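Engineer: How does the following fold in three dimensions:
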Amino acid sequence: MRVGFGYDLHRLTHGRKLVLGGVTIPFEKGLLGHSDADVLLHAVCDALLGGAGWGDVGRHFPDTDVKFKDVSSTALLAQTFQMIREKGLSVNNLDATVLAEAPRLAPYCQAMETHIAKLLEIEPSRVNIKATTMEGVGAIGKGEAIAAMCVVGLVSPSETFE
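Structural biologist: Modelled structure (predicted):
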């Protein structure tokens, strides 16, 4: 078994839709970034890549490459998962936390779990998404940004890894 950890943070801004875990959430602001800036899916990609020993999302999908401008992070996760599968790895489970002062995310967590589970070809019960606030502390607590952290367990049919 391998374990991977991922983290991402993006500023909130007016004029963009808010997408978290592949789910569009009604809110007056969205996340600023080169892609759709879905911090949760970026953290998932980082966790998968880290568990495989392949760096991070910026190495594979750089914000300097115009082909990733405004790309859906769902597409980035699908491509990342394909890379993981080609290495002979599969996802055992995923646990993630989204840090946001607003909006209230609990009503959307199940939809995020379902979306991510489908992309990773696992049962939704093996994906756990939580949301918490920063109690008014820091950029997240002041409503200036949203962040996400993720840990994944990767398994392989063989007992050795490259």
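Engineer: how about the residue most central in space within the chain, what does it touch?
Structural biologist: The centre of the chain sits closest to Leu41, judged by C-alpha atoms, centre = their mean, with a distance of 2.0 Å. By C-beta atoms under 8 Å, 6 or more residues apart in numbering, Leu41 lies in contact with 21-22, 73-74, 76-77, 116. Heads up, the C-betas are built off the backbone N, CA and C, glycines and all.
Engineer: 6 Å - rerun?
Structural biologist: Contacts for Leu41 (C-beta atoms under 6 Å, 6 or more residues apart in numbering) come out as 73, 77.
Engineer: Just the element for it, please.
Structural biologist: Assigned by DSSP states H and E, Leu41 belongs to helix 39-52.
Engineer: sorry, back to before: how much space between the residue nearest to the centre of the chain and Gly6?
Structural biologist: Between Leu41 and Gly6 the computed distance is 10 Å (C-beta to C-beta, to the nearest Å).
Engineer: Next: Met134.
Structural biologist: 19 Å.
Engineer: the more surrounded of those two?
Structural biologist: When neighbours are counted by other C-beta atoms under 10 Å, Met134 and Gly6 differ, and Gly6 comes out ahead with 26 against 16.
Engineer: How about the backbone phi and psi for that one?
Structural biologist: Gly6 adopts backbone torsions of phi -140, psi 150, taken as degrees, to the nearest 10.
Engineer: Tell me who's in contact with it.
Structural biologist: Here Gly6 is in contact with 43, 46-47, 150 (C-beta under 6 Å, 6+ apart).
Engineer: Okay, and the beta partners of it?
Structural biologist: In this entry, Gly6 is beta-bridged to Cys150, by DSSP bridges.
Engineer: Could you double-check that Thr74 lies in contact with Val23?
Structural biologist: No - using C-beta atoms under 6 Å as the test, Thr74 is too far from Val23 to be in contact (9.9 Å).
Engineer: that older thread, between the contacts of Gly6, which is nearest Met1?
Structural biologist: Ala47 (13.7 Å; C-beta to C-beta).
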